[in-house]
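> coords please:
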Amino acid sequence: GMLTSVETLAIQHNSFSGTLPSELGMLRNMTILSLHKNDIVGSIPSELVLLSDISTLSLAVNSITGTIPSELGLCSKLEILALSWNKLTGVIPSELGMLTSAKDMLLVANTFTIEADIPNEICELASTNTTL
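Residues are numbered from 1 along each chain as shown. Next comes the predicted model:
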(Lines give C-alpha, C1' and ligand atoms only; values in the text may rest on other atoms or scores of the structure.)
Protein backbone atom coordinates (compact mmCIF):
# COMPACT_ATOMS: atom_id res chain seq x y z
CA GLY A 1 0.00 0.00 0.00
CA MET A 2 0.85 3.65 -0.23
CA LEU A 3 2.77 5.20 2.68
CA THR A 4 0.37 8.13 3.00
CA SER A 5 1.62 9.15 6.45
CA VAL A 6 5.19 9.87 5.30
CA GLU A 7 6.28 13.34 6.45
CA THR A 8 9.87 13.42 5.16
CA LEU A 9 11.29 11.89 2.01
CA ALA A 10 15.00 12.61 1.65
CA ILE A 11 16.92 10.78 -1.06
CA GLN A 12 19.94 12.97 -1.72
CA HIS A 13 23.31 12.48 -3.43
CA ASN A 14 22.34 9.13 -4.96
CA SER A 15 21.82 7.92 -8.48
CA PHE A 16 18.07 7.92 -8.03
CA SER A 17 16.71 8.17 -11.57
CA GLY A 18 13.48 8.35 -13.51
CA THR A 19 10.65 10.83 -13.34
CA LEU A 20 8.80 12.29 -10.36
CA PRO A 21 5.54 10.35 -10.05
CA SER A 22 2.35 12.39 -9.79
CA GLU A 23 1.39 10.08 -6.92
CA LEU A 24 3.75 12.08 -4.69
CA GLY A 25 0.81 14.46 -4.35
CA MET A 26 -1.04 11.75 -2.43
CA LEU A 27 1.44 11.97 0.46
CA ARG A 28 -0.71 14.59 2.22
CA ASN A 29 1.40 14.68 5.41
CA MET A 30 4.64 15.41 3.54
CA THR A 31 6.51 18.42 4.91
CA ILE A 32 9.96 17.79 3.41
CA LEU A 33 10.63 16.43 -0.07
CA SER A 34 14.35 16.52 -0.71
CA LEU A 35 15.62 14.74 -3.80
CA HIS A 36 18.55 16.95 -4.74
CA LYS A 37 21.64 15.73 -6.53
CA ASN A 38 20.23 12.69 -8.31
CA ASP A 39 19.47 11.79 -11.92
CA ILE A 40 15.79 12.76 -12.00
CA VAL A 41 14.39 13.64 -15.43
CA GLY A 42 11.01 14.79 -16.72
CA SER A 43 8.87 17.57 -15.39
CA ILE A 44 7.70 18.69 -11.95
CA PRO A 45 4.21 17.22 -11.46
CA SER A 46 1.57 19.84 -10.74
CA GLU A 47 0.06 17.35 -8.24
CA LEU A 48 2.73 18.52 -5.76
CA VAL A 49 0.33 21.39 -4.99
CA LEU A 50 -1.71 18.79 -3.09
CA LEU A 51 1.09 18.72 -0.48
CA SER A 52 -0.57 21.45 1.55
CA ASP A 53 1.87 21.13 4.50
CA ILE A 54 5.09 21.04 2.48
CA SER A 55 7.75 23.39 3.85
CA THR A 56 10.80 22.21 1.88
CA LEU A 57 10.87 21.21 -1.78
CA SER A 58 14.43 20.55 -2.90
CA LEU A 59 14.86 19.16 -6.40
CA ALA A 60 18.15 20.92 -7.21
CA VAL A 61 20.99 19.33 -9.20
CA ASN A 62 18.98 16.96 -11.38
CA SER A 63 17.97 17.01 -15.04
CA ILE A 64 14.38 18.15 -14.57
CA THR A 65 12.86 19.75 -17.67
CA GLY A 66 9.74 21.72 -18.52
CA THR A 67 8.38 24.71 -16.67
CA ILE A 68 7.85 25.43 -12.99
CA PRO A 69 4.18 24.65 -12.33
CA SER A 70 2.42 27.88 -11.39
CA GLU A 71 0.35 25.79 -8.95
CA LEU A 72 3.37 25.68 -6.61
CA GLY A 73 2.39 29.20 -5.62
CA LEU A 74 -0.52 27.65 -3.73
CA CYS A 75 1.82 25.78 -1.32
CA SER A 76 1.39 28.45 1.35
CA LYS A 77 3.67 26.79 3.92
CA LEU A 78 6.60 26.41 1.52
CA GLU A 79 9.72 27.94 3.09
CA ILE A 80 12.46 26.48 0.88
CA LEU A 81 12.10 26.03 -2.86
CA ALA A 82 15.34 24.75 -4.39
CA LEU A 83 15.19 24.09 -8.14
CA SER A 84 18.70 25.21 -9.14
CA TRP A 85 20.92 23.31 -11.56
CA ASN A 86 18.21 21.66 -13.65
CA LYS A 87 17.05 22.20 -17.23
CA LEU A 88 13.90 24.16 -16.47
CA THR A 89 12.60 26.44 -19.22
CA GLY A 90 9.93 29.07 -19.81
CA VAL A 91 9.21 31.99 -17.52
CA ILE A 92 9.35 32.03 -13.75
CA PRO A 93 5.67 32.00 -12.73
CA SER A 94 4.47 35.13 -10.96
CA GLU A 95 2.37 32.84 -8.73
CA LEU A 96 5.57 32.05 -6.80
CA GLY A 97 5.10 35.53 -5.36
CA MET A 98 2.24 34.07 -3.30
CA LEU A 99 4.80 32.07 -1.28
CA THR A 100 4.84 34.55 1.58
CA SER A 101 6.36 31.97 3.97
CA ALA A 102 9.33 31.45 1.65
CA LYS A 103 12.77 32.01 3.18
CA ASP A 104 14.89 30.64 0.30
CA MET A 105 13.96 30.46 -3.37
CA LEU A 106 16.86 29.03 -5.36
CA LEU A 107 16.40 28.95 -9.14
CA VAL A 108 19.92 29.51 -10.56
CA ALA A 109 21.49 27.56 -13.42
CA ASN A 110 18.40 26.75 -15.46
CA THR A 111 17.42 27.84 -18.96
CA PHE A 112 14.54 30.20 -18.21
CA THR A 113 13.36 32.59 -20.91
CA ILE A 114 15.84 35.45 -20.68
CA GLU A 115 13.57 37.98 -22.36
CA ALA A 116 11.05 37.70 -19.53
CA ASP A 117 11.43 39.91 -16.49
CA ILE A 118 11.59 38.47 -13.01
CA PRO A 119 7.99 38.79 -11.81
CA ASN A 120 7.43 41.75 -9.48
CA GLU A 121 5.53 39.45 -7.14
CA ILE A 122 8.75 37.55 -6.44
CA CYS A 123 10.81 40.72 -6.05
CA GLU A 124 8.34 41.94 -3.43
CA LEU A 125 8.86 38.94 -1.14
CA ALA A 126 10.74 40.99 1.44
CA SER A 127 11.80 38.18 3.78
CA THR A 128 12.88 35.81 1.03
CA ASN A 129 16.46 35.11 -0.04
CA THR A 130 15.88 34.76 -3.78
CA THR A 131 18.74 33.51 -5.94
CA LEU A 132 17.94 33.53 -9.64
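> what segments of this protein are strands?
8-10, 17-19, 32-34, 39-42, 56-58, 63-66, 80-82, 87-88, 104-106, 129-131 (DSSP state E).
> first vs last residue of stretch 37-56, how far apart are they?
For stretch 37-56, the first-to-last residue distance is 15 Å (CA to CA, to the nearest Å).
> format the strands of the chain as CSV; extra columns: distance to residue 95.
Quick note: C-beta positions are derived from backbone N, CA and C, even for glycine. Below are the strands of the chain laid out as CSV (distance: least, CB to CB, whole Å):
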stretch, distance to residue 95
strand 8-10, 24
strand 17-19, 23
strand 32-34, 19
strand 39-42, 21
strand 56-58, 14
strand 63-66, 16
strand 80-82, 12
strand 87-88, 15
strand 104-106, 12
strand 129-131, 15
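> which one, of the ones you listed, ends up nearest to residue 73?
Among these, the nearest to residue 73 by CB to CB is strand 80-82 (10.1 Å).
> who touches the closest one?
Applying CB atoms under 8 Å, 6 or more residues apart in numbering, the contact partners of strand 80-82 are 36, 55-60, 72, 96, 99, 102-107.
> rerun at 10 Å
32, 34, 36, 54-61, 68, 72, 75, 96, 99, 101-108, 128-131 (CB atoms under 10 Å, 6 or more residues apart in numbering).
> what strands flank it, and is each parallel or antiparallel?
Sheet pairing for strand 80-82, assigned by DSSP bridges, gives strand 56-58 (parallel), strand 104-106 (parallel).
> how distant is the first one from the center of its chain?
Distance, stretch centre to chain centre, for strand 56-58: 6 Å (CA atoms, centre = their mean, to the nearest Å).
> coming back round to it: mind checking which of the strands of the chain is nearest residue 25?
strand 32-34 (10.5 Å).
> show me what the closest one is packed against.
If contacts are counted by 3 or more CB pairs under 10 Å, 6 or more residues apart in numbering; DSSP states H and E, strand 32-34 sits against strand 8-10, strand 56-58, strand 80-82.
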